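In: Got a predicted model here, sequence first, then my questions.
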2 protein chains.
Amino acid sequence: MTKEHELSQHMINEQDASSSSHGCPHGGLKGLLGKSLAKIGLSKSEQKKADREEELVDLAVSILNEDGFGGMSLEKLAAQSRYSKGTIYNHFSSKEDCLSALCIRAVSSIMTFFKRALEFKGCSREKAVAVHYAYQLYARMQPTLFMAVLSSKAPGVREKTSVERMQLMDALELEINAFSDQMFRDALEDGSLVLPAHLSIETLSFSNWAMSFGTNALANNATEATAVNRLNPNTVLLQNISILLDGMNWQPLSKDWNYQETWQRVEDEIFSDDIQLIK
Amino acid sequence: MTKEHELSQHMINEQDASSSSHGCPHGGLKGLLGKSLAKIGLSKSEQKKADREEELVDLAVSILNEDGFGGMSLEKLAAQSRYSKGTIYNHFSSKEDCLSALCIRAVSSIMTFFKRALEFKGCSREKAVAVHYAYQLYARMQPTLFMAVLSSKAPGVREKTSVERMQLMDALELEINAFSDQMFRDALEDGSLVLPAHLSIETLSFSNWAMSFGTNALANNATEATAVNRLNPNTVLLQNISILLDGMNWQPLSKDWNYQETWQRVEDEIFSDDIQLIK
DNA sequence: GGATCATTATGACGATTCGTCAAAAATGAC
DNA sequence: GTCATTTTTGACGAATCGTCATAATGATCC
């Protein structure tokens, strides 16, 4: 509850600060960060409403973590909050709308994690590895929220989400896409990656995302009978990603570089605080 | 509704027939197929109950397709069926238990698709491509059921699922894992694949699955803002998988073989009937 | 066939959640 | 202080959940 809150609180306002303070050698990504969600120019009452929504989403997250997906209800949210049901429905047009709000919270948090990962000092492929580390870390810290992002894309959920929220969600998604694309553009620029025949940046970017998402989703929902259980949960993602990036011929290849060490350095140098929270 | 029904109806009984009739040159997979779910030795009343359960799952699938995930209720299932609520609850201990039953149906269907894909005549990597084609085809034919498999792994759902059904689900999952592993074992045996340093069969098998799952899940839930929309939905999976299998150095590499043609041949030679249904 | 017992099916029930809406309360303008 | 506007409230009807006493069905024995 407070954990998630701390992660995302005022995140948007901190974006400019963080993205300009880290010493990213490639300028490409800078221009894409922040701005799109600026909470500027709000009247006093609008600000008040926005604050309360933040508070409600915080509470919803804690309920989600506590009672799982099916256990989340606006009734319960109202009961546990300082407000009545009517007020809750004044913020969220439906349960699904609230789920979408949670999804936005999740994607925003992931985005900040990504930006922190980018601060890692290393070659372009190492930076990509760092971003995957961040994704995996978030998936482990907030498993339910991580999965909520996917569920919120189901038709039934989208239909019941307010248009403004859907626009916000789509904007965030574009931002994430742009972020991912830019990683590959940077790699092409510095020569460590050459576009394979018949493949576009979009294809590489998507395959990269799909692998990371698939691995985290399956690892998250592992049962005793699952293939994941036979593997080391800490490095499954690194291994999968290594095979994929080798397939793209992204230099240096995994046989020529100890990415295991990179992985560990990302944990120690960037996310050591968050790792403590898990344990 | 009837579509899905036809797919899975008596599937288990047909397993032996299909796996012994196709001309698979590698014998490795044969031994693993079927058996594990044999519906033998049922008394008359047990048989009757099993039949009715099949009927109810069919109906549940159609409701799921019609009203989506949140719209599925046992109340509705009872209303649309010939039975009363009490009887429904006699079959499914809860809504979540019913969801797990749907998941079992889905995985079983996917398994039959996989086995059909294996009938494709070609080298081991082509067979793997065929299996991915089958997975993607199922995901497109039954998008909601496809996603249901993942949701049924959530803790909240598992908790409310009857133990027998969970055992059945775990057994199915093991079967799928074994199937996947065997594909890689066959490839190692015929020499087209060599185990990369520090990687196990389990790792390769899982990365293969994760990529396919991730791609299909994301492609299924694509919105206008998604990266998937920029790509050709018919071949996204083939492209992603090609990069991955190249990364494993599975011969022949995509630069030395036209897998696009393989992909098309799988569609034409194995799944042409099912493709018709989508259109 | 009929009596007896075991199994299965039924739908009424209380509890919970959904989303709505008229009335009450709070806010703000003058 | 008064009035108008906005916001908050919780009671409401509908839908769903899962349970359980009762009714119906079927099996077994005489």
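Out: Nice, thanks for sending it over.

In: Who are the contact partners of the residue positioned nearest the centre of chain A?
Out: By CA atoms, centre = their mean, chain A has its centre lying nearest to A:I110, at 2.3 Å. The neighbours of A:I110, taking CB atoms under 8 Å, 6 or more residues apart in numbering or on different chains as the test, are A:134-135, A:138, A:176. In this view, the C-beta of every residue, glycine as well, is placed from N, C-alpha and C.

In: now do 7 Å
Out: Counting by CB atoms under 7 Å, 6 or more residues apart in numbering or on different chains, A:I110 makes contact with A:135, A:138.

In: Next, work out how far apart it and chain B are.
Out: 15 Å (CB to the nearest CB, to the nearest Å).

In: per-residue pLDDT, that residue?
Out: pLDDT, A:I110: 98.

In: Over to it. Which of the three states is it?
Out: The three-state label given to A:I110 by DSSP: H, G, I helix; E, B strand; the rest coil is helix.

In: Go through the residues of the stretch 151-279 of chain A and report the one nearest to DNA strand D.
Out: Using CB to the nearest atom of the strand, the closest approach of the stretch 151-279 of chain A to DNA strand D is made by A:G156 at 12.8 Å.

In: and that residue, how many neighbours does it have?
Out: As a burial measure, A:G156 scores 15 neighbours (other CB atoms under 10 Å in any protein chain shown).

In: What strand or helix carries it?
Out: A:G156 belongs to helix A:155-159 when assigned by DSSP states H and E.

In: Tell me which other helices or strands that helix touches.
Out: Applying 3 or more CB pairs under 7 Å, 6 or more residues apart in numbering or on different chains; DSSP states H and E, we find helix A:155-159 packed against helix A:95-117, helix B:44-71.

In: where does chain A have low pLDDT?
Out: Applying pLDDT under 70 to chain A flags the ranges A:1-45.

In: ok, now which ones touch the residue of it found nearest chain B?
Out: Taking CB to the nearest CB, chain B has its nearest neighbour within chain A at A:G214, 2.3 Å off. With contact set as CB under 7 Å, 6+ apart, A:G214 has these partners: B:210-211, B:213-214, B:217.

In: any idea which of the residues you listed is closest to DNA strand C?
Out: Distances from DNA strand C to the contacts of A:G214, taken by CB to the nearest atom of the strand, are shortest for B:A217, at 24.8 Å.

In: ok, now which ones touch the closest one?
Out: By CB under 7 Å, 6+ apart, the neighbours of B:A217 are A:150, A:214, A:217, B:147.

In: and the next element down the chain from the helix or strand it falls within?
Out: For B:A217, the host element (DSSP H and E) is helix B:201-220. Going down the chain from helix B:201-220, the next helix or strand is helix B:236-247, by DSSP H and E.

In: Report all helices and strands that that next one contacts.
Out: Where contact means 3+ CB pairs under 7 Å, 6+ apart, helix B:236-247 is packed against helix A:201-220, helix A:236-247, helix B:124-141, helix B:201-220, helix B:259-269.

In: Can you point out the buried residues in that helix?
Out: Going by neighbour count (16 or more other CB atoms under 10 Å in any protein chain shown), the buried part of helix B:236-247 is B:236-247.

In: Equivalent analysis for stretch A:77-90, please.
Out: Buried residues in stretch A:77-90 (16+ other CB under 10 Å): A:77-78, A:81, A:83, A:88.

In: Go ahead and confirm A:I270 touches A:G122.
Out: No. Using CB atoms under 7 Å as the test, A:I270 is too far from A:G122 to be in contact (10.9 Å).

In: higher neighbour count, the two?
Out: More crowded of A:I270 and A:G122, by other CB under 10 Å: A:I270, with 22 against 16.

In: Tell me the buried residues in the helix or strand containing A:E175?
Out: A:E175 belongs to helix A:163-189 when elements are defined using DSSP H and E. For helix A:163-189, a neighbour-count test (16+ other CB under 10 Å) marks A:165-166, A:168-169, A:172-188 as buried.

In: what residues are up against the nearest residue to A:D190 once chain neighbours are set aside?
Out: Distances taken as CB to CB, 6 or more residues apart in numbering or on different chains put A:S124 closest to A:D190, at 5.6 Å, once the chain neighbours are dropped. With contact set as CB under 7 Å, 6+ apart, A:S124 has these partners: A:186-187, A:190, A:192.

In: ok, so what distance separates A:S124 from B:Q264?
Out: Counting by CB to CB, to the nearest Å, the separation of A:S124 from B:Q264 is 35 Å.

In: shouldn't A:A134 be in contact with A:K115?
Out: No. Judged on CB under 7 Å, A:A134 makes no contact with A:K115 at a distance of 8.7 Å.

In: With neighbour numbers in mind, choose between these two.
Out: Per other CB under 10 Å, whichever of A:A134 and A:K115 has more neighbours is A:A134, with 25 against 22.

In: Can you tell me which residues in the stretch 51-200 of chain A are near chain B?
Out: Within the stretch 51-200 of chain A, the positions adjacent to chain B are A:68-71, A:150, A:153-156, A:170, A:173-174, A:177, A:197, A:199 by CB under 7 Å from any CB of the partner chain.

In: now for those, which pair is the farthest apart?
Out: Farthest-apart pair in those is A:G71 and A:A197; separation 50.2 Å (CB to CB).

In: So which of the two has more stuff around it?
Out: Comparing A:G71 with A:A197 by other CB under 10 Å, the one with more neighbours is A:G71, at 11 against 7.

In: got a list of what the more buried one touches?
Out: Residues near A:G71 by CB under 7 Å, 6+ apart: B:G156.

In: start to end distance for stretch A:246-265?
Out: 20 Å (CA to CA, to the nearest Å).

In: So which residues make contact with it?
Out: Contacting residues not belonging to stretch A:246-265 are listed as A:122, A:125-126, A:129, A:133, A:187, A:192-194, A:196, A:204, A:235, A:238, A:242, B:197, B:243-244, B:246-247 [CB under 7 Å, 6+ apart].

In: cool, stretch A:91-102 as well?
Out: Residues outside stretch A:91-102 that contact it (CB under 7 Å, 6+ apart) are A:53, A:56-57, A:60-61, A:64, A:73-74, A:145, A:148, A:151-152, A:157, A:160-162, A:165, A:169.

In: What subset of these is buried?
Out: Taking 16+ other CB under 10 Å as the criterion, what is buried in these is A:56-57, A:60-61, A:64, A:74, A:145, A:148, A:151-152, A:157, A:160-162, A:165, A:169.

In: Might one say that A:M72 is in contact with A:I63?
Out: Yes. A:M72 lies in contact with A:I63 (CB under 7 Å); the separation is 5.3 Å.

In: ok, the residue of the stretch 151-279 of chain A found nearest DNA strand C - contacts?
Out: Going by CB to the nearest atom of the strand, DNA strand C is nearest to A:K160 of the stretch 151-279 of chain A, at 6.0 Å. Residues near A:K160 by CB under 7 Å, 6+ apart: A:94, A:96-97.
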